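Trainee: What follows is a protein structure lacking sequence information:
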Ligand SMILES: O=C(O)C1=C[C@@H](OP(=O)(O)O)[C@@H](O)[C@H](O)C1
Ligand SMILES: C=C(OP(=O)(O)O)C(=O)O
């Protein structure tokens, strides 16, 4: 798990063109959900393309602690023998979700409506993040939570012995909160209803339907109303996880700002609730094309080609798009620093409660590299002077946050001086092959002794 080991300083040195095929790992959100829903089905779920990053491996470990059998074949295929809805055993150990907000919040939901008591913890980053956003709605089912002040981990949840179904309007745009409530609703009798004002990633809804649950989504004046009928028997699935668009963002953005580049990222998931970054980049003038668009395993997929784009302009990113690109703002700010003009990012308060305060982390590092950045509670603004104008030369803090570490490594590919991060270990949570993949494309990203 990140945050428990020795920091690994890293350096990115300006490089020549990036070219070739970037086979990024499987989607993190879909990987977590494959393991959790597989553990709640009756029988064997088979998963290919699972992201073998630390976040997902921690979820696999947790599913074993609840009694599911989770096995990896030598060829990288995963087999999950589920215990059925309501079949979770009480773990005899603390569930350590490492760096993963998705892991801990979804698992809390899945276990909240079973008569078991579970203690959760994480690394120094996860233990700072707010959990009341999940434990508040879980209390409505009858689940009790006791944690550190401010609703922080470590925390014990005593599951509801006789859960009641819930109707809940999610107060923040969060797929993790929505998913926790839906997973809790699986063990409650009757209909659990979740309402979200802004659409967030809908992998849980799609996968629940795939596993045979009765679930509907209706667009109404209130927002998206999702209705789940509780206590289904989930049927095991064969799941091919698409490649992660949030990981694809790094080689794509690197290609856009590095002179002469031409990179193809094949088979990435392009669910509209996840693809906001690519729309934004196209609006900025990026040379980005979708090839071979298709559907795989219930998710839209395409190959994405990104070429060096010296004429990108700053834009106003619509706040309504924020949820569909929430994890991509750090790397977007790197592109914005290499575009001409102001990129305004508004309606992004959630960035302050991720693995780090991502506005603060990026603003501080970008400023140290010579970029003009202004920020407020729920907005930030980057003023770019055009391609190749960023001086670099700084060591930026990654704050136990993989997206921050990778964003600064991308920045260093087209600065005048190299860019360093103090600790690259968190990269392994979501993109364990980042360094070799970038090196294969022609980047000069390496660990420093
Ligand atoms: O549901 C998910 O898989 C995720 C939801 C998002 O978090 P929020 O729900 O906090 O917005 C996102 O930032 C995270 O990387 C993955
Ligand atoms: C926010 C992220 O993950 P999580 O909330 O699962 O820690 C992310 O991967 O950018």
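Mentor: Received the coordinates, thanks. Keep in mind that what you see is a predicted model, and the values were worked out from it rather than measured. Ligands and ions are numbered 1, 2, ... in the order given.

Trainee: can you tell if stretch 376-386 touches ligand 1?
Mentor: No: Stretch 376-386 does not reach ligand 1 (C-beta under 6 Å from any ligand atom); its nearest approach is 13.9 Å. Placement of C-beta: from N, CA and C, glycine included.

Trainee: now that stretch, how far from the centre of its chain.
Mentor: 22 Å (C-alpha atoms, centre = their mean, to the nearest Å).

Trainee: now what about that stretch, what contacts it?
Mentor: 310, 314, 333, 336-349, 352, 359, 362-363, 366, 371-375 (C-beta atoms under 8 Å, 6 or more residues apart in numbering).

Trainee: if we go to 6 Å?
Mentor: The contact list for stretch 376-386 (C-beta atoms under 6 Å, 6 or more residues apart in numbering) reads 314, 333, 336-340, 342-346, 348-349, 359, 372-374.

Trainee: And that stretch, what's buried?
Mentor: 378, 379, 380, 381, 382, 383, 384 (16 or more other C-beta atoms under 10 Å).

Trainee: what does stretch 364-379 give?
Mentor: Under 16+ other C-beta under 10 Å, the buried positions of stretch 364-379 are 364, 365, 366, 368, 369, 370, 371, 373, 375, 378, 379.

Trainee: Which secondary structure state does the first one sit in?
Mentor: So that's residue 364. For residue 364, the assignment made with DSSP: H, G, I helix; E, B strand; the rest coil gives helix.

Trainee: Contacts only, for it.
Mentor: No contacts exist for residue 364 under C-beta under 6 Å, 6+ apart.

Trainee: Need the per-residue pLDDT for residue 2.
Mentor: At residue 2, the model reports a pLDDT of 47.

Trainee: correction: residue 159
Mentor: Taking residue 159 on its own, its pLDDT is 98.

Trainee: Could you identify the most distant pair in the buried residues of stretch 376-386?
Mentor: Distance extremes for the buried residues of stretch 376-386: the farthest pair is 378 and 384 at 21.4 Å, using C-beta to C-beta.

Trainee: Next, see if stretch 311-328 gets close to ligand 2.
Mentor: Yes: against ligand 2, stretch 311-328 shows contacts by C-beta under 6 Å from any ligand atom at residue 327.

Trainee: can you pull out the helices in the stretch 301-449 of the chain?
Mentor: Assigned by DSSP state H, counting those that start in this stretch, the helices in the stretch 301-449 of the chain fall at 329-338, 358-368, 402-411, 434-441.

Trainee: does ligand 2 sit close to the shortest one?
Mentor: Same thing as helix 434-441. No: remark: helix 434-441 sits outside contact range of ligand 2, by C-beta under 6 Å from any ligand atom, the gap being at least 13.2 Å.

Trainee: what about that helix, average pLDDT?
Mentor: Helix 434-441 comes out with an average pLDDT of 98.

Trainee: next one: the second one
Mentor: The average pLDDT within helix 358-368 is 98.

Trainee: got the angle for that helix vs helix 402-411?
Mentor: Orientation check (axes from the mean of the first three to the mean of the last three C-alpha atoms, to 10 degrees): helix 358-368 against helix 402-411 gives 20 degrees.

Trainee: Helix 358-368 near ligand 1 anywhere?
Mentor: No: if you take C-beta under 6 Å from any ligand atom as the test, helix 358-368 misses ligand 1, and the best it gets is 9.8 Å.

Trainee: on that earlier part again, pick out the most distant pair among the buried residues of stretch 364-379.
Mentor: Farthest-apart pair in the buried residues of stretch 364-379 is 370 and 378; separation 25.5 Å (C-beta to C-beta).

Trainee: So the residue lying closest to residue 58 once chain neighbours are set aside, which state does it fall into?
Mentor: Closest residue to residue 58 apart from its sequence neighbours, by C-beta to C-beta, 6 or more residues apart in numbering: residue 98 at 4.3 Å. Under the three-state scheme (three-state DSSP), residue 98 adopts coil.

Trainee: can you count the residues close to residue 98?
Mentor: 26 (other C-beta atoms under 10 Å).

Trainee: wait, it sits on residue 57?
Mentor: No: using C-beta atoms under 6 Å, residue 98 is not in contact with residue 57; the gap is 8.3 Å.

Trainee: which residues does residue 369 contact?
Mentor: 390, 392, 394.

Trainee: hang on, I meant residue 270
Mentor: Going by C-beta under 6 Å, 6+ apart, residue 270 touches 300, 302.

Trainee: go with 7 Å
Mentor: 245, 300, 301, 302 (C-beta atoms under 7 Å, 6 or more residues apart in numbering).

Trainee: Ok, residue 213 next?
Mentor: Contact analysis of residue 213 by C-beta under 7 Å, 6+ apart lists 228, 232, 234.
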